[in-house]
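> based on what follows, work out the 3D shape:
(chains A and B)
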Amino acid sequence: MTPFNRNFGQGRRTKAVRPDMNWKELTKAGNIYEPGNANTYETGDWRTIRPVWNKDRCIHCLICWRYCPDASIISTGGKFDSFDYKHCKGCGICANVCPVHAIDMFSEDEIDKQKEAERNEE
Amino acid sequence: MATLKELAKVEERFVGGHRLCAGCGHGISVRMVLNAAEDSNVVVGCATGCLEVASTIYPYTAWNCSFIHSAFENAGATIGGVEAAYKALKRKGKIDKDFKFVAFGGDGGTYDIGFQSLSGAMERGHNIVYVCLDNEAYMNTGIQRSSATPMGADTTTSPAGKVVAGKQQPRKDLTAIMAAHNIPYAAQTAIHNWQDVHRKAKKAFDVEGPAFLNILSPCPRGWRYNTPDIVELVKIAVETRFWPLYEVENGKWKLNYKPKKYVPIEEFLKPQGRFRHLFAPGNEHVIKAIQEEIDNRWLALLERCGEPQELPSR
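Numbering: from 1, shown residues only, chains lettered A, B, ... in the order given. Now for the predicted structure:
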């Protein structure tokens, strides 16, 4: 027996919405056929403070992963891997819950200035 | 109990890129609850509120699973209907997979607006989990009071002024109301203790019939506290007995955490801007009233749980 919804949503892809689009170009009833496509939307530019991982202090307890509201801590094989700076909004919760202070928060402005100074030196 | 290392391998069902504020308690709570479903297929319903408008802005969805949109007042009815349709299709052999059904609502969509549809869904006995993310006001529309707002809180519709010090009424105890529906499982939990949230969410998913979870979910904008301190703040809420952790399984009440020391409610009120006016001279009686209310509710809860009725030692 074939499931009734076998072809449901096949070939239909939600496109990016432009101001000049008319309603016929939108998907029927505003349905979205790709689960989790908010991943392609970057909220990282909201950030004013940036978490930086200190590899030597980290004990890979993953408490930061548990408390990240933006799923922006990437773990591989049960270990801390990296920050997802494309989505991290810089709330600072991870740095606060870390039991060994392995995450430091730096101002994005200062990081930018530092990078610029390095570039000028070169 | 699974360890974090094992849980981190479960597929993420609420992905980054949603537009919740930085440090929002909803993101943490939702990820914890959906993580507890582990390998099952999940269908999510959502009452209108911060979570719904921030996670499903067309043409994006932050839900890495099936999602159904509903209006403000009918999240319970919608997810109940989906569950009933699933059962019918399964009986006819048109669906072979197993699904779990969960609805998320804020306190506005659960305590006030969605209350009757939630009550109906619980009474009909659908096999669903309803999760209330309680941030204690209508944060999505700009911080208006709800029936979950605690006494003394300053909101835009219960503003603190010279005559009135914030909201005048104590909050509604929704978990007890849900337990009074005689549902198989109702529980109250908070994110500072992730093991507690995980255990209760897992139990809610596993139980046959309706289950209700009430999670305290701080709002940095509405509560006006220092955003990174969310875990400490929730912990103080539990220590001051403002938010007791308990569960009701088949009519049997069980207290999950009993503070050893008497922590006065001021500890919880002080870090939050919405209670700042209570510390001005002349408003001491409001704090006293809040403390009395909490002590009385605590004693009533102890009685229900069959514990000795005494306040923690000072």
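> give the contact list for the residue most central in space within chain A.
Centroid-nearest residue in chain A: residue A:87, 2.4 Å away (criterion: C-alpha atoms, centre = their mean). By C-beta atoms under 8 Å, 6 or more residues apart in numbering or on different chains, the contact list for residue A:87 reads A:39, A:42-44, A:70-72, B:16-17. Just so you know, the C-beta spots here come from the backbone N, C-alpha and C atoms, and that holds for glycine as well.
> closest to residue B:127 out of these?
Distance to residue B:127, by C-beta to C-beta, is smallest for residue A:71 among the contacts of residue A:87, at 27.5 Å.
> was I right to think that closest one contacts residue B:10?
No: Residue A:71 sits out of contact with residue B:10 when judged by C-beta atoms under 8 Å, with a separation of 11.8 Å.
> quick one on the thing from earlier: pLDDT wise, what is the residue nearest to the centre of chain A at?
pLDDT for residue A:87: 94.
> do a quick rundown of the helices in the chain.
Just so you know, I chose chain A. A:63-67, A:93-97, A:108-121 (DSSP state H).
> hm, I was asking about chain B
B:4-7, B:25-35, B:50-55, B:75-91, B:107, B:115-124, B:174-179, B:194-206, B:220-223, B:230-239, B:266-269, B:284-304.
> figure out which of those is closest to residue A:108.
Residue A:108 lies closest to helix B:220-223 among the helices of chain B, at 18.8 Å (C-beta to C-beta).
> only C-alpha atoms, please: export the lowest-mean-pLDDT helix or strand in chain A in CSV.
The helix or strand of chain A with the lowest confidence, counting by mean pLDDT, DSSP states H and E, is helix A:108-121 at a mean of 89. Coordinates of each C-alpha in helix A:108-121 appear next as CSV, following Å, rounded to 0.1, in the frame of the first residue of the first chain:
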residue,chain,number,x,y,z
GLU,A,108,32.7,42.5,18.6
ASP,A,109,33.9,46.1,18.2
GLU,A,110,37.2,45.4,19.9
ILE,A,111,37.7,42.2,17.8
ASP,A,112,37.1,44.2,14.7
LYS,A,113,39.5,47.0,15.8
GLN,A,114,42.1,44.4,16.6
LYS,A,115,41.7,42.8,13.2
GLU,A,116,42.0,46.1,11.5
ALA,A,117,45.1,47.0,13.4
GLU,A,118,46.7,43.7,12.4
ARG,A,119,45.8,44.4,8.8
ASN,A,120,47.3,47.8,8.9
GLU,A,121,50.5,46.4,10.4
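> hmm, who's touching stretch B:89-101?
Surrounding stretch B:89-101, the residues in contact under the criterion C-beta under 8 Å, 6+ apart are A:1, A:3-4, B:37, B:40-43, B:45, B:66, B:79, B:82-83, B:86, B:126-129, B:205.
> out of these, which end up buried?
Applying a neighbour-count criterion of 16 or more other C-beta atoms under 10 Å in any protein chain shown, the buried members of the contacts of stretch B:89-101 are B:37, B:42-43, B:45, B:79, B:82-83, B:86, B:126-129, B:205.
> redo the helices of chain B as CSV? Include mean pLDDT and distance to residue B:141.
Rendered in CSV, the data for the helices of chain B read as follows (pLDDT from 0 to 100; distance: least, C-beta to C-beta, whole Å):
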stretch, mean pLDDT, distance to residue B:141
helix B:4-7, 91, 34
helix B:25-35, 95, 15
helix B:50-55, 93, 9
helix B:75-91, 95, 17
helix B:107, 92, 13
helix B:115-124, 95, 18
helix B:174-179, 95, 20
helix B:194-206, 96, 27
helix B:220-223, 94, 11
helix B:230-239, 96, 22
helix B:266-269, 95, 24
helix B:284-304, 95, 25
